[in-house]
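**Student:** Give me the fold of what follows.
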Amino acid sequence: MAGLYSVPAGIGAAVRRFGWSLLRLAVGITVLWFLLRQVGAAPFKDGLRAVTWQAVVAAVTLTALTTVCSAWRWRVVARALGVGIGLPGAVSAYYRSLFLNSVLVGGVLGDVHRAVTHGRRVGDVVRGVRAVAWERLCGQVIQAVVAAVVLLTLPSPVRPALPYVLAGVAGIAGCAALVVRGAARRGRSRLTRAARAVSADLRHGVLAPDVWPQLTLASVLVVAGHTATFVIAARVAGSTAPLGELVALLMVVQVAVVIPLSVGGWGLREGAAAWAFAAAGLGAAAGVTVATLYAVLMLAAVAPGAGLLLGDAVRRRRDQGQPGESRRPDPAPRALEVVRD
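**Tutor:** I've put the predicted structure just below:
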């Protein structure tokens, strides 16, 4: 009887361990396959051929500015939660996470690596993870607010349905807040402890009077930098749409990029761009071309992260070759093990 259940048990363990990653991979590949069926490979090739050194320089410069702003946002949250980090170290760690997000499935494993590595260095992995989670959540919430304002102001394919979407999101957020507040007031279960931790992080950290203005400013600057990079990609790819319409369409794409169902960022971004450009009468192929060019520019812009990761690997290899020297253990390999899991 044990033999009859060994295979299903093994499959169940594999599904629990890799199921979410496989889902992300499947969604990303499915979207790309559908786009290839609908518009062919030509728009992707056009996006690759449209790359210019001027566009690369602009993307690298804008990404450097947005990375500094993102690292500042992370530093503010981490300091509020008691696991502070210096700005230079935060910028370097953020570049590493951006590169990993750009080449690994799901688009979030770089943030996991950043959270665990920093947590190990400060001796509190839980708070390190919470700091990164709040930093990313704050950035995405403020990006959603900026996108909502832009899409309500400028003409876009989603403008008619946006009030209903916002009402639904507000209702869900309100219900979640009530659940967290209620759970934090009673019992000693794991859910209660988690709810109390969330409440404490909000009151004394994210929503503190000296914290949330900095998070808002940093996040708005990040959104502005990414939007500017997308506009550059659209213009270089040959789009002649009015700037206001183009910004509205790109906001739709940026909202889709936040969803962690992709293959190194590929999939939903191109699908959202194809739908948005087609709905605006600009053609799905044009949207795919712009999204492809943007992806290439961003990969070039986060390449310093690859250099930093390579430097980490070289230092670890050099340290392993000198066992007699005293040194502080590098937590990066253990963090990468967590990422792989």
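
**Student:** Only the C-alpha atoms, please, for the helix or strand harbouring V247, written as CSV.
**Tutor:** Secondary structure from DSSP states H and E places V247 in helix 243-258. In CSV, the C-alpha atoms belonging to helix 243-258 read as follows (Å, rounded to 0.1, in the frame of the first residue of the first chain):
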residue,chain,number,x,y,z
LEU,A,243,1.8,62.2,-25.5
GLY,A,244,-1.3,62.2,-23.3
GLU,A,245,-2.8,59.2,-25.0
LEU,A,246,0.6,57.5,-25.0
VAL,A,247,1.1,58.0,-21.2
ALA,A,248,-2.4,56.7,-20.5
LEU,A,249,-1.7,53.5,-22.5
LEU,A,250,1.6,53.0,-20.8
MET,A,251,0.0,53.3,-17.4
VAL,A,252,-2.2,50.3,-18.4
VAL,A,253,0.9,48.4,-19.3
GLN,A,254,2.7,49.3,-16.1
VAL,A,255,-0.2,48.1,-14.0
ALA,A,256,-0.1,44.8,-15.8
VAL,A,257,3.7,44.5,-15.2
VAL,A,258,3.0,44.5,-11.4
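
**Student:** What residues of it count as buried?
**Tutor:** 245-257 (16 or more other CB atoms under 10 Å). Using the backbone N, CA and C atoms, a C-beta is placed for each residue, glycine as well.

**Student:** Mind putting those into TSV with distance to L309?
**Tutor:** Formatted as TSV, the buried residues of helix 243-258 follow (distance: CB to CB, whole Å):
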residue	distance to L309
E245	39
L246	34
V247	33
A248	36
L249	34
L250	29
M251	31
V252	32
V253	28
Q254	26
V255	29
A256	27
V257	22
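
**Student:** From those residues, pick the one nearest W33.
**Tutor:** Closest approach to W33 among the buried residues of helix 243-258 (CB to CB): A256, at 17.2 Å.

**Student:** Can you give me every residue that contacts the closest residue to the closest one other than its chain neighbours?
**Tutor:** Computed as CB to CB, 6 or more residues apart in numbering, the closest residue to A256 that is not its neighbour in sequence is A272, at 3.4 Å. Contact analysis of A272 by CB atoms under 8 Å, 6 or more residues apart in numbering lists V252, V253, V255, A256, V257, A291.

**Student:** Relative to W266, how far out is A272?
**Tutor:** Applying CB to CB, to the nearest Å, the value for A272 to W266 is 12 Å.

**Student:** Likewise for V116?
**Tutor:** 25 Å.

**Student:** Look at the two and report which has more neighbours.
**Tutor:** V116 (22 against 19; other CB atoms under 10 Å).

**Student:** residue ranges with poor pLDDT in the stretch 51-200 of the chain?
**Tutor:** Counting by pLDDT under 70, the stretch 51-200 of the chain contains low-confidence ranges at 106, 159-170, 173, 176-192.

**Student:** Would you map the helices across it?
**Tutor:** If DSSP state H, counting those that start in this stretch is used as the criterion, the helices of the stretch 51-200 of the chain fall at 53-80, 87-103, 109-122, 125-153, 162-185, 190-201.

**Student:** Pick the most deeply packed of those helices.
**Tutor:** Comparing those on average neighbours per residue, with mean count of other CB atoms under 10 Å, the densest one is helix 109-122 at a mean of 23.

**Student:** I figured S70 hits V223, correct?
**Tutor:** No. Look at S70 against V223 with CB atoms under 8 Å: they stay out of range, at 10.8 Å.

**Student:** mind listing the strands in the stretch 201-341 of the chain by residue range?
**Tutor:** For the stretch 201-341 of the chain, applying DSSP state E, counting those that start in this stretch gives strands covering 262-263, 266-267.
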